[in-house]
Every structure is written in structure tokens, then in C-alpha cells.
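> Pasted the sequence and its predicted model underneath.
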Amino acid sequence: MDDDDLLIRLLTAADRAAARNGWARTTLAAVAREAGAPLGEVRACAPDVAGLFIALAERADAAAAEALDHGGEPEARDRLFDAAMARFDTLLVAKEAIAGFYRFARRDPILLARLAPVRLRTVVSLLEIADVPTVGPTGARRVVELGRVWGKAFDVWLDDDETQSKTMARLDQDLRKRDALWGGGGAYGAEPPKPPPVTPEAEAAP
């Protein structure tokens with residue numbers, strides 16, 4: 001069986017099992033039974049149920065990179081938009097399972113802590129594949145701000161329809177608000193212009 005097809009099948013099975021028993025009682029063995037798949041094959045995909053969603057996140061990261069494989073748009077903001085929407089397009093096939101699992105995860109501090117590095121890796125990956133540097137003080141600011149942008153867009157996406165129009169609108173709005181931070185157009189990933197030096201008079205201004 002194709003690994004991609006198996007992963008989606010397992011996520012769908014996990015959602016069905018959780019609908020009956022709750023996510024807290026849904027194990028990898030239960031998912032294998034629900035999917036009618038050999039446990040060994042299921043374990044090869046992920047070590048546990050959370051791992052299935054992490055595997056999908058990694059696939060979505062790869063899809064985002066493929067979307068920008070030929071350089072993408074001249075504006076950094078537009079490259080980030082295209083990469084983020086490519087992720088959402090990939091996640092769409094398992095949206096119901098994702099929505100249920102992540103709403104559960106938000107009430108489980110331990111699980112949330114385990115998923116936090118996955119989100120950080122996604123944010124850094126989106127910036128890097130969009131040719132926006134992530135190191136240094138400015139890079140750190142970009143990671144933090146794109147994390148906020150992604151989080152808000154993801155919350156909208158959970159309740160959006162298949163057109164993803166609300167998600168696109170929110171993503172575009174929030175990326176534009178921080179346009180200077182991404183480096184704008186011109187040289188990909190260029191540093192934003194530095195502010196002029198602060199004079200004593202400026203420091204005293206209200």
C-alpha cells in the first residue's frame with residue numbers, strides 16, 4: 001500500500017475511533033483495527049497517534065517547499081503566502097481528524113508541549129523556503145511573528161470551508177501587517193531597513 005494513502009487512511013480511522021472513545025483512549029492499536037491494517041505497517045508510519053499527525057505535518061512542509069521549487073514570487077510576503085497555503089492544501093485531506101485532535105491537544109499540556117517543536121519547525125521551514133533568513137535578532141523576530149501569523153490562520157482554517165477563502169484573507173492580512181519584517185521584494189530575504197539612529201531629542205519625545 002502506498003505510504004501516502006496509508007497515512008490518510010490511518011488519520012481517518014483515528015478520527016472514527018476517537019469519535020467513539022475519545023482521543024485520550026485512542027491508541028495506535030485501535031487505529032490499526034479501525035483501518036483494517038497490519039499493526040506493523042501502522043507502527044512503521046508512526047510510533048503513536050500523535051506521530052501520525054506529526055508525519056502529516058512533515059508531508060505538508062515538503063509540499064510547501066515544492067510549491068516554491070522554482071523561486072516563487074518576487075515579494076517575500078507572497079512567497080510566504082504561497083508556501084503557507086500549500087501546507088493548508090495538503091492538510092485539507094485530513095481536516096476533520098486534525099480539527100478534533102488539535103482541539104483535544106489544547107487541553108493536554110503534555111501533548112501540547114510535544115507538538116510545540118513541530119510547529120516551530122514548520123514556521124522556520126516556511127521562512128527558509130521563502131528565502132527569508134531566520135538567524136540573528138531579526139531572524140528570531142521573524143520566527144516569533146510568523147508563528148503568530150500561522151497560529152491565527154490555522155485557527156481560522158479549522159472552521160473555514162473547502163474554498164479556504166477566510167484563511168487566505170486572514171493570512172494575507174497578517175502577512176501584510178509585517179511586510180517590512182519579511183524583507184520585502186528585491187533581493188530574496190533581504191534584511192529590513194535599519195531605523196535611523198536615535199538622537200537625544202528623539203528619546204525625549206513623548
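Thanks, I have it.
> where does the chain have its least confident helix or strand?
Least confident helix or strand, the chain: helix 200-204 with a mean of 34, by mean pLDDT, DSSP states H and E.
> residues making contact with stretch 13-31?
Defining contact as C-beta atoms under 8 Å, 6 or more residues apart in numbering, one finds that stretch 13-31 is touched by 10, 32, 34-35, 37, 39, 42-43, 46-49, 52, 94, 96-97, 100-101, 104, 108. Where C-beta positions appear, they are placed from N, C-alpha and C, glycine not excepted.
> 6 Å - rerun?
Stretch 13-31 is contacted from outside by Leu10, Glu34, Ala35, Val42, Asp48, Val49, Glu96, Ala97, Gly100, Phe104, using C-beta atoms under 6 Å, 6 or more residues apart in numbering.
> Show me where the protein has its helices.
3-21, 28-35, 39-45, 49-67, 76-91, 95-105, 109-129, 136-158, 165-177, 179-182, 200-204 (DSSP state H).
> Tell me the spacing between Leu11 and Asp5.
11 Å (C-beta to C-beta, to the nearest Å).
> Give me the more crowded residue out of the two.
A side-by-side neighbour count of Leu11 and Asp5, using other C-beta atoms under 10 Å, places Leu11 first with 25 against 9.
> Wait, that one touches Ala94, no?
Yes. Between Leu11 and Ala94 there is a contact at 4.3 Å, judged by C-beta atoms under 6 Å.
> List the buried residues in stretch 127-135.
In terms of neighbour count (16 or more other C-beta atoms under 10 Å), stretch 127-135 has its buried residues at Leu127, Glu128, Ile129, Ala130, Asp131, Val132, Thr134.
> now the end-to-end length of that stretch.
11 Å (C-alpha to C-alpha, to the nearest Å).
> Same question for stretch 86-106.
By C-alpha to C-alpha, one end of stretch 86-106 lies 24 Å from the other end.
> Let me know the distance separating the residue nearest to Asp108 when sequence neighbours are not counted from Ala32.
Nearest residue to Asp108, sequence neighbours excluded (C-beta to C-beta, 6 or more residues apart in numbering): Ala24, at 7.9 Å. Going from Ala24 to Ala32 by C-beta to C-beta gives 18 Å.
> Please say which of these two ends up with more neighbours.
Between Ala24 and Ala32, Ala32 has the larger neighbour count (other C-beta under 10 Å), namely 21 against 10.
> quick one: Asp82 from Val118, how far?
Distance, Asp82 to Val118, by C-beta to C-beta: 21 Å.
> again, but for Gly40
For Gly40 relative to Val118 (C-beta to C-beta), the value is 25 Å.
> And those two? Which one has more around it.
Val118 (15 against 8).
> ok, that one - contacts?
Counting by C-beta under 6 Å, 6+ apart, Val118 touches Ile54, Ala57.
> center of the chain - which residue?
Thr122 (5.2 Å; C-alpha atoms, centre = their mean).
> and it, what does it touch?
Asp61.
> again, only using 8 Å
So Thr122 contacts Ala57, Ala60, Asp61, Arg87, Trp150 (C-beta under 8 Å, 6+ apart).
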